[in-house]
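Enquirer: got a sequence here, can you build the structure:
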Amino acid sequence: MGEGKSGDDRQFGLSDFLVRLAAALALVLVTYNPLGWSYVHWVRDAYSATEGGGLGAIHFFAGALLLAGWTVFLVATKNSLGMLGTIISVAVIGTAIWLLADLGVVHADSASAVAWLVLIALAVLLAVGLSWSHAWRRLSGQLEVDSNDG
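Expert: Presented below is the predicted three-dimensional model:
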């Protein structure tokens, strides 16, 4: 057998986390963002324009795609972090935002700024959830697997 590494044996790195973070940010911000360009705004505007008659198959299809994306991210986060890990992650992310605000790096003085902070924090949490098993394997040398043996 060769000594080279296959694609599955490749080390998990910062670029891998950043790809997951970008995907999580896309999912979160496409679903809702304070700019008004989101699925929530699109559906709301279509619904209110014709009192419900403006919603079409495209709205439901896009909603189904978003639901699938949220399901993948949330299930992966739940399986990877568990309840305690999620609570700890939320505490770390929340106190990091607090620290940045305390240092004057982030200004949470408006509803829009707070919304952006919450959306970015949610995306970071989802990215950590998607990445944690890989990071754990790299840090500890232990492989996490799901047991479905009943």
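
Enquirer: and the helices in the protein?
Expert: Secondary structure of the chain (DSSP state H): helices at 14-31, 39-49, 57-102, 111-140.

Enquirer: and the ones you listed, which one's lowest on average pLDDT?
Expert: With a mean of 85, helix 111-140 has the lowest mean pLDDT of those.

Enquirer: helices or strands next to that one in the packing?
Expert: Applying 3 or more C-beta pairs under 8 Å, 6 or more residues apart in numbering; DSSP states H and E, we find helix 111-140 packed against helix 14-31, helix 57-102. Every C-beta, even on glycine, is put in place using the N, C-alpha and C of the backbone.

Enquirer: deepest-packed of these, please.
Expert: helix 14-31 (a mean of 16; mean count of other C-beta atoms under 10 Å).

Enquirer: next, the angle helix 39-49 makes with it.
Expert: For helix 14-31 against helix 39-49, the angle by axes from the mean of the first three to the mean of the last three C-alpha atoms, to 10 degrees is 10 degrees.

Enquirer: hmm, back to that, any chance of the helices and strands packed on helix 111-140 in TSV, plus distance to Tyr39?
Expert: Formatted as TSV, these follow (distance: least, C-beta to C-beta, whole Å):
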stretch	distance to Tyr39
helix 14-31	5
helix 57-102	6
